[in-house]
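# any chance you could fold what I've pasted below:
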Amino acid sequence: MTIDFVFDGPDDARQAIVLAHGAGAPMDSPFMNEMALGLAGCGYRVARFEFPYMAKRRVDGKKRGPDRAPVLIETYQKVVEQLGTPENLVIGGKSMGGRIASMAADDLGVRGVVCLGYPFHPPGKPENLRTAHLQKTKTPTLICHGTRDPFGSPDEVAGYGLSDAVAVHWVSDGNHDFEPRKKSGHTQEGNIAGVVAAIDNFVKTTG
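As a prediction, this is how the structure comes out:
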């Protein structure tokens, strides 16, 4: 399996950040573009890729559901192998992409993980938690999560018993795409800029 990447940022950057897409949108969605360009602007080499089901959609235009978790994890393993020097890689992604990165991180020996809107549970199903591995992970992890995200509220997340290696950056009034309500006085652009700054600080102080 050969992974095709889209790169942003300087070729000679000392630190690389890998971002995987979420379940429904590709690696070059507006959200992913803005995140990648923001991080590249901080001097990082940003690599984006697509899981097999999304790569197939790019070829034939047919929408499909995500591959099963073992396939997604194996794909992320191949990504890290292809890029090399895992100790210099921070891996992560949007929603499902960040979840898969966090599941694989300890085995891969990467420097850190960044999750952009973590799917703690399906919307409306708080009993179906996806947090077991986050309670024992050893890899430094930053979860950037909107305070209005239906995949997990601040009160819910506070009770999950996450590992000491996991930090949460709360995005003001943000939904799953960090978009706030107009009445909040915040903007999606401003929220994404705040997330970029939080990731920049996390990477600089990790490892």
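# show me the helices in this structure, by range?
Ranges of helices in the chain, per DSSP state H, are 30-40, 52-60, 69-83, 96-108, 154-158, 188-204.
# so which of these is the most packed in?
helix 96-108 (a mean of 23; mean count of other Cβ atoms under 10 Å). Just so you know, the C-beta spots here come from the backbone N, C-alpha and C atoms, and that holds for glycine as well.
# show me what it packs onto, helices and strands only.
Applying 3 or more Cβ pairs under 8 Å, 6 or more residues apart in numbering; DSSP states H and E, one finds that helix 96-108 contacts strand 16-20, helix 69-83, strand 89-94, strand 112-116, strand 141-146.
# Gln77 and Gly185, how far apart?
Relative to Gly185, Gln77 is positioned 43 Å away (Cβ to Cβ, to the nearest Å).
# so Ile91 bridges to which residues?
Taking DSSP bridges as the rule, Ile91 bridges to Val18, Val113.
# quick one, what contacts it?
Listed by Cβ atoms under 8 Å, 6 or more residues apart in numbering, the contact partners of Ile91 are 17-18, 20, 76, 79-80, 101, 104-105, 108, 110, 112-114.
# what mean pLDDT does stretch 68-88 get?
Confidence over stretch 68-88 (mean pLDDT, whole number) is 96.
# excluding its backbone neighbours, what's nearest Ala105?
In space, and not counting its chain neighbours, Ala105 is closest to Thr139: 4.0 Å by Cβ to Cβ, 6 or more residues apart in numbering.
# and what of Gly93?
Spatial nearest neighbour of Gly93, chain neighbours left out: Ala20 (3.2 Å); criterion: Cβ to Cβ, 6+ apart.
# quick one: neighbours of that neighbour, just the number.
Counted with other Cβ atoms under 10 Å, residues neighbouring Ala20 total 28.
# ok, Cys115 next?
27.
# before we move on, back to that, wait, the residue nearest to Ala105 sits on Val110?
Yes - counting by Cβ atoms under 8 Å, Thr139 touches Val110, with 6.4 Å between them.
# now the common contact residues for these two.
The overlap between the contact sets of Thr139 and Val110 (Cβ under 8 Å, 6+ apart) is empty.
# sorry, back to before: of the helices of the chain, which is nearest Leu129?
helix 154-158 (9.1 Å; Cβ to Cβ).
# residues making contact with the closest one?
Contacting residues not belonging to helix 154-158 are listed as Phe120, His121, Pro126, His145, Thr147, Val168, Trp170 [Cβ under 8 Å, 6+ apart].
# show me those residues that map onto strands.
His145, Val168, Trp170 (DSSP state E).
# dump the residues you listed into TSV; add distance to Thr205 and neighbour count as well.
Formatted as TSV, those follow (distance: Cβ to Cβ, whole Å; neighbours: other Cβ atoms under 10 Å):
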residue	distance to Thr205	neighbour count
His145	19	26
Val168	15	19
Trp170	18	16
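# ok, now how distant is the most centrally placed residue in the chain from Lys182?
Centroid check for the chain by Cα atoms, centre = their mean gives Gly93 as the closest residue, at 2.2 Å. The gap separating Gly93 from Lys182 is 28 Å, by Cβ to Cβ.
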